[in-house]
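**Q** Got a sequence here, can you build the structure:
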Amino acid sequence: MTIQLTRDAEELHALPHEGRRAVVMTMGALHEGHATLVREARRLAGPEGQVVVTVFVNPLQFGAGEDLDRYPRTLDADIDIAEQAGADVVFAPSVDEVYPGGEPQVRITAGPMGERLEGASRPGHFDGMLTVVAKLLHLTAPDLALFGQKDAQQLALIRRMVRDLNFPVEVVGVETVREGDNLALSSRNRYLSVADRATALEISRALLTAEAAAELGAGPVRRSARVVLDAAAQMEPPLHLDYVALVDPADFTDVPDDYEGEAVLAVAAKVGTTRLIDNVPLTVGPATGAQR
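**A** Below is the predicted model:
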């Protein structure tokens with residue numbers, strides 16, 4: 001069956017389907033990372049279920065100095081990628097469909113977790129993200145919603161929102177997809193020059209180096225990552241580090257040096273004009289070592 005495109009929520013709800021509905025939310029500019037999410041959604045929904053890919057560039061997620069108009073819009077290509085990965089429907093609503101009364105006066109707040117790391121670097125970003133995710137969950141009414149582990153703080157906040165506000169949906173996290181050189185897939189990678197990319201690869205190298213130190217404890221994990229990232233700051237072009245943090249995945253607070261258990265090592269940095277994020281989930285401590 002040919003994939004269907006709809007821009008109307010009522011039309012989406014009228015589409016017949018059996019089994020579970022799984023949704024993959026995107027802002028477009030789809031790549032292999034998104035395709036992996038769609039394939040996993042197809043697997044979980046089963047042949048009788050329905051997989052919906054949303055394509056919506058959410059204006060609430062763009063802060064001061066972040067160019068909403070510059071964000072790539074490639075709907076025709078997005079539809080092709082979604083169809084090849086196994087989606088049944090692309091839901092590409094207009095701004096008026098999602099926010100019929102203009103910018104919403106009532107929004108979801110991310111709370112203290114949304115003010116850390118990415119939230120500190122991009123004030124208001126997570127409030128806008130959670131608001132649109134909540135809206136799209138209502139508009140698509142899925143049984144399953146899949147999100148990438150690459151945006152680990154976003155995934156943690158969505159899980160918390162779903163739990164705290166009793167959304168009737170199962171949130172599924174999917175492992176980060178990487179290119180052949182280990183750079184985490186992102187629509188922003190298209191802005192990297194050859195020299196930029198060589199520097200950007202030090203982010204994933206720092207994560208791998210730190211992962212190897214997980215059995216030694218939280219302190220060695222942090223120090224191992226900093227050695228690589230500090231060296232990358234001397235490269236040409238240089239890596240401008242925003243943050244490197246080893247955090248509790250439940251609330252994204254920094255873990256102490258004597259911490260043992262599950263953690264996330266998260267990095268954000270800019271190379272040239274392109275800001276990149278990446279992370280690795282770890283189990284810190286001598287008894288368990290790193291998750292592989």
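**Q** Regarding the protein, what is its longest helix?
**A** Across the chain, the longest stretch assigned as helix under DSSP state H is helix 194-212.
**Q** That one packs against which elements?
**A** If you count contacts as 3 or more C-beta pairs under 8 Å, 6 or more residues apart in numbering; DSSP states H and E, helix 194-212 packs onto helix 218-232, strand 239-247, strand 261-271, strand 274-284. For glycine as for every other residue, the C-beta is placed from the backbone atoms N, C-alpha and C.
**Q** now that helix: how far from the chain's centre is it?
**A** 19 Å (C-alpha atoms, centre = their mean, to the nearest Å).
**Q** So which bits of stretch 187-200 are buried?
**A** Judged by neighbour count using 16 or more other C-beta atoms under 10 Å, the buried positions of stretch 187-200 are 187-189, 191-192, 196-200.
**Q** scratch that, stretch 30-45 is what I was asking about
**A** Neighbour count says stretch 30-45 has 30-31, 33-42, 44-45 buried, by 16+ other C-beta under 10 Å.
**Q** Mark which of those are part of helices, please.
**A** Using DSSP H, these in helices are 33-42, 44-45.
**Q** Spell out which two among these are the most distant pair, please.
**A** Farthest pair in these (C-beta to C-beta) is G33 and A45. Separation: 18.9 Å.
**Q** sorry, back to before: between strand 261-271 and the longest helix of the chain, find me the angle.
**A** 160 degrees (axes from the mean of the first three to the mean of the last three C-alpha atoms, to 10 degrees).
**Q** mean confidence for helix 194-212?
**A** Taken as a whole, helix 194-212 has an average pLDDT of 98.
**Q** hmm, who's touching that helix?
**A** Residues from elsewhere that reach helix 194-212, judged by C-beta atoms under 8 Å, 6 or more residues apart in numbering: 178, 181-184, 189, 192, 221-222, 224-229, 231-232, 235-239, 244, 265, 267, 269, 271-272, 274, 276, 278-280, 282, 290.
**Q** could I have stretch 182-191 exported to CSV, CA atoms only?
**A** Provided in CSV are the C-alpha atoms of stretch 182-191 (Å, rounded to 0.1, in the frame of the first residue of the first chain):
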residue,chain,number,x,y,z
ASN,A,182,31.1,6.9,14.4
LEU,A,183,29.6,10.4,14.2
ALA,A,184,26.1,10.4,15.6
LEU,A,185,23.6,10.9,12.8
SER,A,186,22.0,14.3,12.8
SER,A,187,20.4,16.6,10.2
ARG,A,188,23.0,19.2,11.4
ASN,A,189,25.9,17.1,10.0
ARG,A,190,25.1,18.5,6.6
TYR,A,191,26.6,21.8,7.7
